[in-house]
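A.B. asks: Starting from these lines, generate the structure:
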Amino acid sequence: MREIKFRFWDKRVNKFRHELGHVHNNKVFDIYNDHGGMFTSGLVKEDVSDHVVVQQYTGLKDKNGVEIYEGDLILSDHWASQETMVVKWDQDACMFYACLLSGGDRINMDEAEKTVVGNIFEGVDK
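C.D. replies: Down below sits the predicted model:
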C-alpha cells in the first residue's frame, strides 16, 4: 500500500508550502480527522482554491531516493534520447504516468529508472 502525501504550490509566492497539511475541497483546516471516510474539521484557516495547486505523491522514488510527485520533471531510462518528461495523473485510469513535455506516448511509472530533475513550476534544476 502506497503512502498518501501531498505538496502544495502557492502561486502567490511561487514556492511550495509544506505547512498546509489538512486540505479538503480547496480549504485549509486547523483540525482534520478522517472517521471512516467522513471528514470532520475545525475552523477554516484559508480558502486556497484560487492560488494553491495540490500535487500528490506517486508512491515512487527516483534512483537517488527522491520522492516523485505529479508535476515533477524526470529523465527516464525508457527513452534513449533522455528527453525531459512530466509526471501526470490520469483521472479515468486512476494512475500516474509520464510523457514528453510535448505530449505523445505515455510510459508507465514502474517501467524504468527515473531521475527527478525539477518540476513544472520551477523548471529543471541546474
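A.B. asks: got the CA coordinates for the lengthiest strand in the chain in CSV?
C.D. replies: Identified as the longest strand of the chain according to DSSP state E is strand 52-61. As requested, the backbone C-alpha atoms of strand 52-61 are provided in CSV (Å, rounded to 0.1, in the frame of the first residue of the first chain):
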residue,chain,number,x,y,z
VAL,A,52,-2.7,26.8,-4.5
VAL,A,53,-2.0,23.8,-6.7
VAL,A,54,-2.2,20.4,-4.9
GLN,A,55,0.1,17.7,-6.2
GLN,A,56,0.0,14.1,-5.0
TYR,A,57,3.0,11.8,-4.2
THR,A,58,3.1,8.9,-6.7
GLY,A,59,4.4,6.4,-4.1
LEU,A,60,7.6,6.1,-6.1
LYS,A,61,11.2,7.3,-5.6
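A.B. asks: Name the residues that touch it?
C.D. replies: By CB atoms under 8 Å, 6 or more residues apart in numbering, the list of residues contacting strand 52-61 from outside reads 2-11, 17, 20, 23, 26, 67-71, 87, 89, 96, 109-110, 114, 121. (Each C-beta comes from the backbone N, C-alpha and C, glycine too.)
A.B. asks: Among those residues, which ones are in strands?
C.D. replies: Members of the contacts of strand 52-61 lying in strands (criterion: DSSP E): 6-10, 23, 67-69, 87, 89, 96, 114.
A.B. asks: burial of L100, as a residue count?
C.D. replies: The criterion is other CB atoms under 10 Å. On that basis, L100 has 16 neighbouring residues.
A.B. asks: so what's it up against?
C.D. replies: 79, 83-86.
A.B. asks: among the residues you listed, who's most crowded?
C.D. replies: In terms of neighbour count, M85 stands highest of the contacts of L100 at 24 neighbours, by other CB under 10 Å.
A.B. asks: now the closest residue to that one other than its chain neighbours, which residues is it bridged with?
C.D. replies: Leaving out its chain neighbours, the residue that sits closest to M85 by CB to CB, 6 or more residues apart in numbering is A98, at 4.3 Å. Partner residues in beta bridges with A98, using DSSP bridges, are V87, I107.
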